[in-house]
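Undergrad: Below are the sequence and a predicted model for it; my questions follow.
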Amino acid sequence: MPWLSNKARFDVGLWAILLFLLPFSKAAIEIAFTGLFVGWALSRLAPSSRRQTIWVQSDLRPILVALVAYLAMCALSIPGSTHPALSLRGLISKWGEYLLLFVIAADLGARDGLAKRSGTILMWSSVLVLVEAVSQELLGWGLLRRYPLVMYERMTGPYENPIDLAMYLMVVLPIVLARAAASHGWRRAALWSLIGLLSACLLRTESQSVWLGFGMALICLGWLDPGLRKPLTIFVLIGGLVGLGFLVATGVLARALTVTDIGLQDRWVMWQAAWRMIQARPWLGHGLNTFMANYLTYWVGGEAQPRYAHNCFLQVGAETGLFGLAA
């Protein structure tokens, strides 16, 4: 079946499109993912492809066991769910889709050179994100998505809120850092310039939790790879000092350390509601994908409307219980 080799090139092309469009269009990503799945499934029909599965490798088995265990706990939460239809839809359309994307990404990533090409695609995509974010800062609105700066008074770039931009940058920056450390000459200088500008955008998101997570991730990366230890140490030290200075100068740090901070108070009532949910059903929870549906039943204050927990651990515990959280 030689025609299937074309499908392999087809799904790699769609994978590239999906990565490039990641910051810009949810609809385009869904369309690309549908085509990606079809192309990947067809390429898997080739006998040679079926024999070359990565999931027989011993180092991937713990990941597979962990995924199956967590999905099993999610499924076990459905029979006793307060909203079984929501839970079933969440298992199929949310966790099922993410698991499928994980399997496809791992499968494609095993192909020679694809991981390196994916990093290159993400870097070029980050250049467009940079254009959008800088234009938003200078003009008051982004050139591509037209999101206004005044909405949050914090940089959002092509996203609807600053936290999404910060999380995107947290993923992309280590890839660019690793590439810069391995480059020389004008490429190295260009990549470090890109790193500086993307870091400035991360600073303007004012997402302190992302800053902390990003710093910890870089420390771990430097510990795992001695070749990156020196540039990452310098980056973390400079970034930490600049970030701290920014927080002090803008008064953000003083507000964050007070119990009267609006954001802290808002999250505190959501966390209390989540904790009450866990106490009510500690073992298998209220059912996957039901946190928002149950929120007002356990509401303790703040906005009286369905909300997320704004804490992944508490939400997993509330939906799938302590068994799901442990898995």
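TA: Looks like it came in fine. Computed from a predicted structure; not experimentally measured.
Undergrad: neighbours of S93, just the number please.
TA: Neighbourhood size, S93 [other CB atoms under 10 Å]: 11. All C-beta atoms are positioned from the backbone trio N, CA, C, and that covers glycine.
Undergrad: Where does it sit: helix, strand or coil?
TA: What DSSP: H, G, I helix; E, B strand; the rest coil gives for S93 is helix.
Undergrad: I'd like the distance from L128 to G263, if you could.
TA: 30 Å (CB to CB, to the nearest Å).
Undergrad: isn't G239 right up against I219?
TA: No: counting by CB atoms under 8 Å, G239 does not reach I219; the two are 11.6 Å apart.
Undergrad: Comparing the two, which shows the higher neighbour count?
TA: G239 (18 against 14).
Undergrad: Report the contact partners of that one.
TA: Listed by CB atoms under 8 Å, 6 or more residues apart in numbering, the contact set of G239 reads 199, 215.
Undergrad: With L257 as the reference, measure out to it.
TA: With CB to CB as the criterion, G239 and L257 are 20 Å apart.
Undergrad: Then M292?
TA: 30 Å.
Undergrad: Settle it for me: which of those two has more neighbours?
TA: Between M292 and L257, counting by other CB under 10 Å, M292 is the more crowded of the two (15 against 10).
Undergrad: confidence score at that one?
TA: pLDDT recorded at M292 is 96.
Undergrad: Could you grab the helix/strand/coil label for it?
TA: M292 ends up helix, using three-state DSSP.
Undergrad: who's in contact with it?
TA: Counting by CB under 8 Å, 6+ apart, M292 makes contact with 306-308.
Undergrad: looking at this protein, which helix or strand is least sure?
TA: Every helix and strand of the chain was ranked by mean pLDDT, DSSP states H and E. The lowest is helix 47-51, at a mean of 58.
Undergrad: Tell me the first helix or strand C-terminal of that helix.
TA: helix 61-76 (DSSP states H and E).
Undergrad: Output that next one as PDB, nothing but the C-alphas.
TA: Extracted in PDB, the C-alpha atoms of helix 61-76 (Å, rounded to 0.1, in the frame of the first residue of the first chain):
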ATOM      1  CA  ARG A  61       5.100   2.100  29.900                       C
ATOM      2  CA  PRO A  62       4.900   4.100  33.200                       C
ATOM      3  CA  ILE A  63       3.400   7.000  31.300                       C
ATOM      4  CA  LEU A  64       0.800   4.700  29.700                       C
ATOM      5  CA  VAL A  65       0.000   3.100  33.100                       C
ATOM      6  CA  ALA A  66      -0.500   6.500  34.700                       C
ATOM      7  CA  LEU A  67      -2.800   7.700  31.900                       C
ATOM      8  CA  VAL A  68      -4.900   4.500  32.000                       C
ATOM      9  CA  ALA A  69      -5.100   4.700  35.800                       C
ATOM     10  CA  TYR A  70      -6.300   8.300  35.700                       C
ATOM     11  CA  LEU A  71      -8.800   7.700  32.900                       C
ATOM     12  CA  ALA A  72     -10.100   4.700  34.900                       C
ATOM     13  CA  MET A  73     -10.700   6.900  37.900                       C
ATOM     14  CA  CYS A  74     -12.500   9.500  35.600                       C
ATOM     15  CA  ALA A  75     -14.700   6.700  34.300                       C
ATOM     16  CA  LEU A  76     -15.500   5.400  37.800                       C
END
